[in-house]
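Engineer: I'll drop the sequence and a predicted model, then ask my questions.
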Amino acid sequence: MQPTTQDFKQNAQQTILQLKEDLKAIRSGRATPAVIEGLIVETYGGSAKMRLMEIATITNDGPTVLIIAPFDPSTSQDIEKAILKSPLGLSPQPQGGRILIRIPPLSQEQREKLMKVVSQKIEDKKNVIRNHRDDARKKIKSLMEAKEVSEDERHRFEKEIDTLSTSFMDEIETIRNRKEEEIMAV
């Protein structure tokens, strides 16, 4: 496999990993720490901005409740503010040294909105992969023009990239279908 093809493969795999991380944050009616672990919390009087997972432990308590246990109890109010300000529409409930978050079931309207968000993220990542594919094809073309690869090698490399691109697009569709099933499950 030629370096251009290898670069394309690595870039596309990185894009798919990013997509999986992005989709974890989209809630599906079930309590999962991934929904809130990336929230940015402004703490210590606004002097520090940290992700929630860096300042607290997040666990499940059944399918509809998340428990946040801050490492430093003084950050509890900052965590509550960050959750309230987030677009997730969740209500934190302080309880002792912990914060409970009850994940309400999704309405059909909310499910449809989430499906649109998923579709948008999927299309964005497909475009990123298409751009990586186009960049790889340009590199191959410039290598041929510089007489570093022959016409036959160019066609073979382009075919490899197209095959890889198709398999990555199929993988993205599989990810989309899984996430849509998860969102639509009641």
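Structural biologist: Received the coordinates, thanks.
Engineer: and residue 154, what element?
Structural biologist: Taking DSSP states H and E as the criterion, residue 154 maps to helix 151-184.
Engineer: Check residue 49 too.
Structural biologist: strand 48-51.
Engineer: Please apply the same query to residue 42.
Structural biologist: Here residue 42, judged by DSSP H and E, is contained in strand 40-43.
Engineer: Nearest spatial neighbour of residue 111, chain-adjacent residues omitted?
Structural biologist: residue 183 (5.5 Å; C-beta to C-beta, 6 or more residues apart in numbering). Where C-beta positions appear, they are placed from N, C-alpha and C, glycine not excepted.
Engineer: how close does that neighbour sit to residue 112?
Structural biologist: In this view, residue 183 and residue 112 are 9 Å apart by C-beta to C-beta, to the nearest Å.
Engineer: quick one: low-confidence parts of the protein?
Structural biologist: 1-2, 27-29, 186 (pLDDT under 70).
Engineer: at 50 instead, please
Structural biologist: Where the chain drops to pLDDT under 50, the residues are 1.
Engineer: re earlier: residue 183 and residue 112: which is more packed in?
Structural biologist: When neighbours are counted by other C-beta atoms under 10 Å, residue 183 and residue 112 differ, and residue 183 comes out ahead with 21 against 12.
Engineer: Tell me, how many residues neighbour the closest residue to residue 169 other than its chain neighbours?
Structural biologist: The spatial neighbour of residue 169 that comes closest, neighbours along the chain excluded (C-beta to C-beta, 6+ apart), is residue 126 at 6.4 Å. If you count neighbours by other C-beta under 10 Å, residue 126 ends up with 18.
Engineer: can I assume residue 126 sits in a helix?
Structural biologist: Yes - counting by DSSP: H, G, I helix; E, B strand; the rest coil, residue 126 is part of a helix.
Engineer: Distance check, it against residue 167.
Structural biologist: From residue 126 to residue 167 the distance is 13 Å (C-beta to C-beta).
Engineer: Using the three-state scheme, assign the residue positioned nearest the centre of the chain.
Structural biologist: When the chain is reduced to its mean C-alpha position, the nearest residue by C-alpha atoms, centre = their mean turns out to be residue 22, at 1.4 Å. The three-state assignment at residue 22 reads helix, by three-state DSSP.
Engineer: hang on, the earlier thing: surely the residue nearest to residue 111 and residue 26 touch.
Structural biologist: Yes - Residue 183 lies in contact with residue 26 (C-beta atoms under 8 Å); the separation is 7.4 Å.
Engineer: If anything else comes up later, I'll come back, but that's it for now.
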